[in-house]
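1. After the sequence you'll find the predicted model.
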Amino acid sequence: MSNLESAPVEFDCAAGPSTRVEVLTAREVPLGGPRAMRVRRTLPQRRRSLIGAWCFADHYGPQDVGPGPGMDVPPHPHTGLQTVSWLFDGEIEHRDSGGVHALVRPGELNLMTAGRGICHSEVSTPATTVLHGVQLWVALPDSARDTDRSFEHFAPEGVTVSGADVTVFLGELAGQRSPVTTFTPLLGAQVDLHPHAGAVLEVDPAFEHGVLSDRGDLEVAGCRLQPGELAYQGSGESTLALRNSGAGPGRALLLGGAPFTEELLMWWNFVGRTQEEVAEYRRLWQEESDRFGRVDGYRGDLQRLPAPALPTTRLRPRRPRGTSSPPG
């Protein structure tokens, strides 16, 4: 929901003589409020806020939501981004101000383009007993950030590559291509690694990549990951080496993209360029402007999530880091 949390711990891991892998650990935050379910946030962080145009990553579950409220995020706004919903277990009901009512199911992509403004709600369905997945945001470039709101659904098929099954939901990898709309070069894929198996994936050397570990004893370029950690590999590499050294199945999410070179100002659920712009988005949301529209059919108690107060200090944009691997 929000990106106001302070930065999690981050450290570098030497993965070999020619490759540096930076490992990012997550911070646990509530999704939508203090009584809501907890999620693990790996992006943004103080030292690395972007991987390509990927600007936000929440990883949650597996969580037993049978006895509790599960996920219930009231209608809230977005600007200047796309949301990418991807589930491993459970089911989420999506409603937005573009008139879309859809279900998010495991292995099926739901991509919402906010453009100049949208609002939506996310609620786990009554039939869901275990909720497990990721919520991701993609920053839109200046040329596309005022585009119209839209929604796309895609159910990709997987392909086996050596010791892994690869399912591509954005971009292109292992001969698979996703048809959904992106505004910068991107990659998003689920990689399921067989027990005691590895795979060397051919990747675009112009991309930087992040590997989010979901389960298993995973290694990226020889660097061990704990579940919930994200490994970053900078651009300039034409392969990405993954391995599951455990006796059980391994699973990771692979995120990649061309380094995003524009400055961004991201506050709460808004992506803009200046403090004045973000303050105007907040004002319009609080005043129930048509810019964001309204969500019909949401059944929660709070019909609109109020925006927090702006900080008293000036908001500072994110300046893109270099396009190569982190310094050694």
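-> That came in fine, so what should we check first?
2. low pLDDT regions in this structure?
-> 1-19, 31-36, 319-328 (pLDDT under 70).
3. can you give me the helices for it?
-> Using DSSP state H, the helices assigned to the chain run over residues 275-286.
4. Would you mind measuring from the residue positioned nearest the centre of the chain to residue 41?
-> The centroid of the chain falls nearest to residue 136 when counting by CA atoms, centre = their mean (1.8 Å). As for residue 136, its distance to residue 41 is 11 Å (criterion: CB to CB, to the nearest Å). Just so you know, the C-beta spots here come from the backbone N, C-alpha and C atoms, and that holds for glycine as well.
5. how near is the residue nearest to residue 108 when sequence neighbours are not counted to residue 97?
-> Distances taken as CB to CB, 6 or more residues apart in numbering place residue 155 nearest to residue 108, at 4.6 Å, with adjacent residues excluded. Residue 155 sits at a distance of 24 Å from residue 97 (criterion: CB to CB).
6. can you check residue 292 too?
-> Taken as CB to CB, the span from residue 292 to residue 97 is 6 Å.
7. These two: which has the busier surroundings?
-> residue 292 (25 against 21; other CB atoms under 10 Å).
8. can I assume the more buried one is in contact with residue 119?
-> Yes - between residue 292 and residue 119 there is a contact under CB atoms under 8 Å: 4.5 Å.
9. For those two, list the residues in contact with both.
-> 77, 97, 285 (CB atoms under 8 Å, 6 or more residues apart in numbering).
10. which among those gets closest to residue 225?
-> residue 77 (34.0 Å; CB to CB).
11. Quick check: that closest one touching residue 278?
-> No - applying CB under 8 Å as the test, residue 77 and residue 278 come out as separate, 11.4 Å apart.
12. so what sits against both of those two?
-> With CB under 8 Å, 6+ apart as the test, residue 77 and residue 278 both reach residue 270.
13. The two: who's more crowded?
-> Using other CB under 10 Å, the more surrounded residue of residue 77 and residue 278 is residue 77, with 25 against 21.
14. Next one: the more buried one from residue 185, what distance?
-> From residue 77 to residue 185 the distance is 27 Å (CB to CB).
15. Over to residue 289?
-> For residue 289, the distance to residue 185 - CB to CB - is 33 Å.
16. same deal with residue 236?
-> 15 Å.
17. what's the answer for residue 72, then?
-> 35 Å.
18. more neighbours, the two?
-> residue 72 (22 against 16).
19. beta partners for residue 57?
-> Beta-bridge pairing for residue 57 (DSSP bridges): residue 43, residue 136.
20. neighbours of it, just the number please.
-> Counted with other CB under 10 Å, residue 57 comes out at 25.
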